[in-house]
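S.K.: Give me coordinates for this.
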Amino acid sequence: MNKASRLFWPTLVTPKNAVVKQTEQLSRSQKLLTELGLVKSGSNGTYQIMPIAQRSIDKCINLVQRKMQEAGGQKISLPVLTPAQLWKKTGRLDGDISEFYMVRDRSGKQFLMSPTHEEAVTAMLATTAPISYRQLPLRLFQIGPKFRDELKSRFGLMRAKEFLMKDMYTFDVTMETARSTYATVSDAYERFFRQLEVPFVKVEAATGMMGGSLSHEYHFISPVGEDTLLQCSACGYAGNVEVFGSDSETPSTCPSCQGPQLSRVRGVEVAHTFLLGDKYSKPLGATFLNTSGKPETLVMGCFGIGITRVIAAALEVLSTEQELRWPKLLAPYDVCLIGPKQGSKEQSVVESLENDLLQQLTQICGTEELLHDERKELTIGKRLLDAKRLGHPLTIVVGGKAGQQESPKLEIHASGAEKLELDVAEVLSLVARHVRHKQKLLHEQQGELRISQSQTTIGHVH
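M.R.: Model prediction:
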């Protein structure tokens, strides 16, 4: 069982009359995660993840991994260091490379600390024994750290120099089958974001330095977003303004339905998909053997989800200024149980009920999802304040009213809701409903939420 007294939880303590000099603009999620001791700043633009936040990251990884496996993905791991020579072959070192971390080994060979792995995975296939068309489509993914020397790292995990990302690379025999793969993986992305229950929008996007013929981004709408999106309220079209080049080229009417109901919103990009074609496979010589036994160039796609950015951006959208609000599937714990203060008049009366509740809650939500705040040297009020700020979906308080001879009551605080006073059976029923809702989200069938890839569905807020 998880005990609050054992958690490494280095909250940021500010002296009562201290004047805090703000050296950077903070987002809501960054401020709360830092103050509550879930994330600590390392060097500029890097962050140390503490145990409570790590639980949320692990849950996000598991969700994403499941969706990629449902889409036919196989998990691999590639080295962080990619030979710079591969990037020279694809032409990606010809432009602005100021955001890349470049290092040399003792023999002078140059490497990138990879911001992405298109060259590495394509070169791996190019040096593999001939791949048959029978082995395709091939969908390989990994989850690991990426690096980008941001000019302005800000907003904590939303714009960091080191970040955690899921990246999938797909290989097909033709552009037609590559488009089918693109639709399959995109569908998995939509199902993942629907599971989080955070409003999101899918938009047409520029291919940029990644290249290719087709690209989409997934955004959480937020004022701190760094992208400007165009949305049409008539047909649901949405696109990143980057698609249109400069501001002067941005249309005043919808590119899809030509209607005038076009508005601008800010978005935080949390995922990106690309149909790459042969941009990487051709220069790196990645081929397969066709039905005639002759080599043909592989057709590629790539698909990224920013794991740490998803969590930070979801908190940015859902939280208040004082309290975190988690997507239900990403909350570090489902339930926090708070018992009476040591030495209080109700302690001897209700402590046995507290112990019984621990056993019953363990049976309903499992040991891993239950946090027992047994720091009884602290008042109930202090522990409840911590629990509410941490955003536990359900916090149960065994206080004075639990010791009433007739109709004992427990306090239950649901994240973002008013306090309730319920009897034990009602509390357990409420916890069970929460667990069932999570299970329903987790066990959503693979084909249940098929979304058309036609342009008319792109841009609807889900």
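
S.K.: On the three-state scheme, the residue most central in space within the chain is what?
M.R.: Compute the mean C-alpha point of the chain, and by Cα atoms, centre = their mean the closest residue is residue 310, 2.6 Å away. Assigned with DSSP: H, G, I helix; E, B strand; the rest coil, residue 310 falls in the helix class.

S.K.: now do residue 427
M.R.: Three-state secondary structure (criterion: three-state DSSP) places residue 427 in helix.

S.K.: Next, work out how far apart it and residue 413 are.
M.R.: With the distance defined as Cβ to Cβ, to the nearest Å, residue 427 ends up 11 Å from residue 413. Just so you know, the C-beta spots here come from the backbone N, C-alpha and C atoms, and that holds for glycine as well.

S.K.: more crowded one of the two?
M.R.: Counted by other Cβ atoms under 10 Å, residue 427 and residue 413 do not tie: residue 427 has more neighbours, with 23 against 20.

S.K.: Provide a list of residues in contact with the more buried one.
M.R.: 357, 396, 410, 412 (Cβ atoms under 8 Å, 6 or more residues apart in numbering).

S.K.: Closest one of these to residue 257?
M.R.: When the contacts of residue 427 are compared for distance to residue 257 (Cβ to Cβ), residue 412 wins out at 47.7 Å.

S.K.: Would you agree the closest one falls within a strand?
M.R.: Yes: secondary structure assignment (three-state DSSP) places residue 412 inside a strand.

S.K.: in stretch 282-302, what counts as buried?
M.R.: 283, 284, 286, 287, 288, 296, 297, 298, 299, 300, 301, 302 (16 or more other Cβ atoms under 10 Å).

S.K.: got it, and stretch 63-75?
M.R.: 63, 64, 66, 67, 68, 70, 71, 73.

S.K.: quick one: which of those residues sit in helices?
M.R.: Within the buried residues of stretch 63-75, membership in helices is found for 63, 64, 66, 67, 68, 70, as judged by DSSP state H.

S.K.: The second one and residue 166 touch, don't they?
M.R.: Yes: the criterion here is Cβ atoms under 8 Å, and residue 64 meets it with residue 166 at 4.9 Å.

S.K.: what do the two both touch?
M.R.: Here residue 64 and residue 166 have 143, 305, 307 as joint contacts, going by Cβ under 8 Å, 6+ apart.

S.K.: Pick the one among those residues closest to residue 53.
M.R.: In terms of Cβ to Cβ, no member of the shared contacts of residue 64 and residue 166 lies closer to residue 53 than residue 307, at 11.7 Å.

S.K.: distance of that closest one from residue 192?
M.R.: Relative to residue 192, and taking Cβ to Cβ, residue 307 is found at 11 Å.

S.K.: Common neighbours of these two, please.
M.R.: residue 64.

S.K.: May I see the buried residues of stretch 272-284?
M.R.: Buried positions in stretch 272-284, judged by neighbour count with 16+ other Cβ under 10 Å: 272, 273, 274, 275, 276, 277, 278, 279, 280, 281, 283, 284.

S.K.: Next: stretch 189-205.
M.R.: 189-198, 200-205.

S.K.: Can I get that stretch as PDB, trimmed to CA atoms?
M.R.: Taking Å, rounded to 0.1, in the frame of the first residue of the first chain, the C-alpha atoms of stretch 189-205 are listed here in PDB:
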ATOM      1  CA  TYR A 189      -4.300   8.400 -31.900                       C
ATOM      2  CA  GLU A 190      -7.900   9.600 -31.900                       C
ATOM      3  CA  ARG A 191      -8.900   6.700 -29.600                       C
ATOM      4  CA  PHE A 192      -6.000   7.500 -27.300                       C
ATOM      5  CA  PHE A 193      -7.000  11.200 -27.000                       C
ATOM      6  CA  ARG A 194     -10.700  10.300 -26.500                       C
ATOM      7  CA  GLN A 195      -9.700   8.000 -23.600                       C
ATOM      8  CA  LEU A 196      -8.100  11.000 -21.900                       C
ATOM      9  CA  GLU A 197     -11.300  12.900 -21.900                       C
ATOM     10  CA  VAL A 198      -9.500  16.200 -22.600                       C
ATOM     11  CA  PRO A 199     -11.000  18.200 -25.500                       C
ATOM     12  CA  PHE A 200      -8.600  18.000 -28.500                       C
ATOM     13  CA  VAL A 201      -8.600  19.000 -32.100                       C
ATOM     14  CA  LYS A 202      -6.900  17.400 -35.100                       C
ATOM     15  CA  VAL A 203      -5.700  19.900 -37.700                       C
ATOM     16  CA  GLU A 204      -4.000  20.000 -41.100                       C
ATOM     17  CA  ALA A 205      -0.300  20.900 -40.600                       C
END
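
S.K.: so how far is it from its chain's centroid?
M.R.: The gap between the average C-alpha position of stretch 189-205 and the chain average comes to 11 Å, counting by Cα atoms, centre = their mean, to the nearest Å.

S.K.: same deal with stretch 4-16?
M.R.: Between the mean C-alpha point of stretch 4-16 and the mean C-alpha point of its chain there is a distance of 25 Å (Cα atoms, centre = their mean).

S.K.: just stretch 221-230 next, same as before
M.R.: Stretch 221-230 sits 17 Å away from the centroid of its parent chain (Cα atoms, centre = their mean).

S.K.: Return the member of the contacts of residue 427 nearest to residue 250.
M.R.: The closest of those to residue 250 turns out to be residue 412 (Cβ to Cβ; 49.4 Å).

S.K.: Give me the neighbour count for the closest one.
M.R.: Taking other Cβ under 10 Å as the neighbour definition, residue 412 ends up with a count of 19.

S.K.: what stretches of this structure score poorly on pLDDT?
M.R.: 14-25, 247, 444-462 (pLDDT under 70).

S.K.: mind putting the buried residues of stretch 63-75 in a markdown table, distance to residue 387 included?
M.R.: Formatted as a markdown table, these follow (distance: Cβ to Cβ, whole Å):
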| residue | distance to residue 387 |
| --- | --- |
| 63 | 24 |
| 64 | 28 |
| 66 | 29 |
| 67 | 31 |
| 68 | 34 |
| 70 | 35 |
| 71 | 37 |
| 73 | 37 |
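
S.K.: Just confirm residue 401 is within a helix.
M.R.: Yes: the assignment for residue 401 by three-state DSSP puts it in a helix.
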